[in-house]
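Participant: Just a sequence and a predicted model for now, questions to come.
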Amino acid sequence: MDAVVHLISGIGGEQETAFAIVNNLLDAENADLGELVVVAQSQGIEAVTTGGETEHQVRSLLDAGVSFKACRNTLDTMNLDESDLVDDMDIVPEGAVEVIRLQNEGYAYLRP
Amino acid sequence: MDAVVHLISGIGGEQETAFAIVNNLLDAENADLGELVVVAQSQGIEAVTTGGETEHQVRSLLDAGVSFKACRNTLDTMNLDESDLVDDMDIVPEGAVEVIRLQNEGYAYLRP
Amino acid sequence: MDAVVHLISGIGGEQETAFAIVNNLLDAENADLGELVVVAQSQGIEAVTTGGETEHQVRSLLDAGVSFKACRNTLDTMNLDESDLVDDMDIVPEGAVEVIRLQNEGYAYLRP
């Protein structure tokens, strides 16, 4: 069972919930979980930038094997650059397309 | 790959994000996207009424071939009439049923 | 057609919307709906505690055959006990795992 977490909210509490849930998924025993992907876009992109309050959590989840994919359209709209993001993050042309593509491959969808 | 966008939030920023995402999906090249449906219900219905700040965006997306479906139960609860909505919108008895039906047909789900 | 409603938001209006939608799903005629499951976790857990504003709605939906599943990880994090929840609710180790599992079984996902 694979899952994609849509990190799209600008609400701090919802961003925190997203990271907490991914952490719990990593810790879940006997849950038979496979790939975990976080797609960050829109206001959710702030949570994966360097210097932000959640940078440490992002690094920790990346180290644990979670994939992060950031939306190029969002970067362009917000005048952000790849270098503003935590390292080792994939960039996709449009976050929503990636979320659709993953669901099409059988990933479950979570929107914290 | 088809997708349904659940326009259910009363938060202005989330409504704006919904329209921005649908626009990006329309612009996505090589993404092999098929049908795009926006289901508006609950507080999200405000975003598809005439006279609202987002009326122009709704008309633009309708013109571009996006389907909009508004929830009859929400209209009744909020004492709204079909004539309060932007033209050329379908009405469904219950928005959540439509969202479930579309997922059952293979549509991916996006909740901005 | 089965559906899982993710009760994860701490925003009162979104919790109310969740209950309203489940009620509408119960009332939906000719919709061919099967199982309805509400998974409560994170800030959404408050909506299924006893003494809260929505206790009556939870009891009513349980009586109508809706399944509620509360997240053990959330209870532990918030120092809540099973006895703080409305009776007759299932407890699952991690709400997000349950939501993924249900989608894997074909349940549609709704995030009010």
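Facilitator: Here it is on my side, so go on.

Participant: going forward, measure contacts between C-alpha atoms and count neighbours the same way
Facilitator: Will do.

Participant: Not counting its neighbours along the chain, what's nearest residue A:100?
Facilitator: Excluding the flanking residues, the one nearest residue A:100 by C-alpha to C-alpha, 6 or more residues apart in numbering or on different chains is residue B:108, at 5.5 Å.

Participant: burial count for the one you found?
Facilitator: 28 (other C-alpha atoms under 10 Å in any protein chain shown).

Participant: wait, what's in contact with residue A:88?
Facilitator: By C-alpha atoms under 8 Å, 6 or more residues apart in numbering or on different chains, the contact list for residue A:88 reads residue A:62.

Participant: and the helix or strand hosting residue A:100, what does it pack onto?
Facilitator: Assigned by DSSP states H and E, residue A:100 belongs to helix A:95-104. With contacts taken as 3 or more C-alpha pairs under 8 Å, 6 or more residues apart in numbering or on different chains; DSSP states H and E, helix A:95-104 sits against strand A:3-7, strand A:36-40, strand A:67-71, helix B:12-27, strand B:108-110.

Participant: Kindly reformat these as a markdown table containing mean pLDDT.
Facilitator: A markdown table is the format used below for the helices and strands packed on helix A:95-104 (pLDDT from 0 to 100):
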| stretch | mean pLDDT |
| --- | --- |
| strand A:3-7 | 98 |
| strand A:36-40 | 98 |
| strand A:67-71 | 98 |
| helix B:12-27 | 95 |
| strand B:108-110 | 98 |
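
Participant: Identify the bridge partners of the residue nearest to residue A:100.
Facilitator: Applying DSSP bridges to residue B:108 gives these bridge partners: residue B:3.

Participant: wait, doesn't it sit right on residue B:2?
Facilitator: Yes - with contact defined as C-alpha atoms under 8 Å, residue B:108 and residue B:2 form a contacting pair (6.3 Å).

Participant: Assign a three-state SS to the residue of chain A positioned farthest from its centre, would you?
Facilitator: Most distant from the centre of chain A: residue A:30, at 23.4 Å, with distances by C-alpha atoms, centre = their mean. Assigned by DSSP: H, G, I helix; E, B strand; the rest coil, the conformation of residue A:30 is coil.

Participant: and the gap between it and residue A:1?
Facilitator: The spacing between residue A:30 and residue A:1, counted by C-alpha to C-alpha, to the nearest Å, is 12 Å.

Participant: Which neighbours do residue B:108 and residue B:2 have in common?
Facilitator: With C-alpha under 8 Å, 6+ apart as the test, residue B:108 and residue B:2 both reach residue A:100.

Participant: What is the burial count for the residue nearest to residue A:16 when sequence neighbours are not counted?
Facilitator: Leaving aside its chain neighbours, residue A:16 sits nearest to residue A:54 (8.0 Å; criterion: C-alpha to C-alpha, 6+ apart). Other residues lying near residue A:54 total 18 when counted by other C-alpha under 10 Å.

Participant: I figured residue A:54 was touching residue A:44, is that so?
Facilitator: No - with contact defined as C-alpha under 8 Å, residue A:54 does not count as touching residue A:44 (11.3 Å).

Participant: Quick check, pLDDT for the residue farthest from the centre of chain A.
Facilitator: Note for residue A:30: predicted pLDDT of 79.

Participant: ditto for residue A:104
Facilitator: On pLDDT, residue A:104 comes in at 97.

Participant: How much space separates it from chain C?
Facilitator: 12 Å (C-alpha to the nearest C-alpha, to the nearest Å).

Participant: hang on, that residue packs against residue B:103?
Facilitator: No - with contact defined as C-alpha under 8 Å, residue A:104 does not reach residue B:103; the gap is 10.8 Å.

Participant: of those two, who's got more company?
Facilitator: The neighbour comparison of residue A:104 against residue B:103 (other C-alpha under 10 Å) goes to residue B:103, with 21 against 16.

Participant: Contacts only, for the nearest residue to that one once chain neighbours are set aside.
Facilitator: Nearest residue to residue B:103 in three dimensions, chain neighbours excluded: residue C:108, at 5.9 Å (C-alpha to C-alpha, 6+ apart). Contacts here follow C-alpha under 8 Å, 6+ apart; on that basis residue C:108 touches B:100, B:103-104, C:1-4.

Participant: Make CSV from those and add distance to residue C:88 to it.
Facilitator: Putting the contacts of residue C:108 into CSV (distance: C-alpha to C-alpha, whole Å) gives the following:
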residue, distance to residue C:88
B:100, 26
B:103, 29
B:104, 29
C:1, 24
C:2, 20
C:3, 20
C:4, 18
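
Participant: Could you measure from the closest residue to chain C within chain A over to residue A:100?
Facilitator: Closest residue of chain A to chain C, C-alpha to the nearest C-alpha: residue A:108 (5.4 Å). Residue A:108 sits 10 Å away from residue A:100 when distances are taken as C-alpha to C-alpha.
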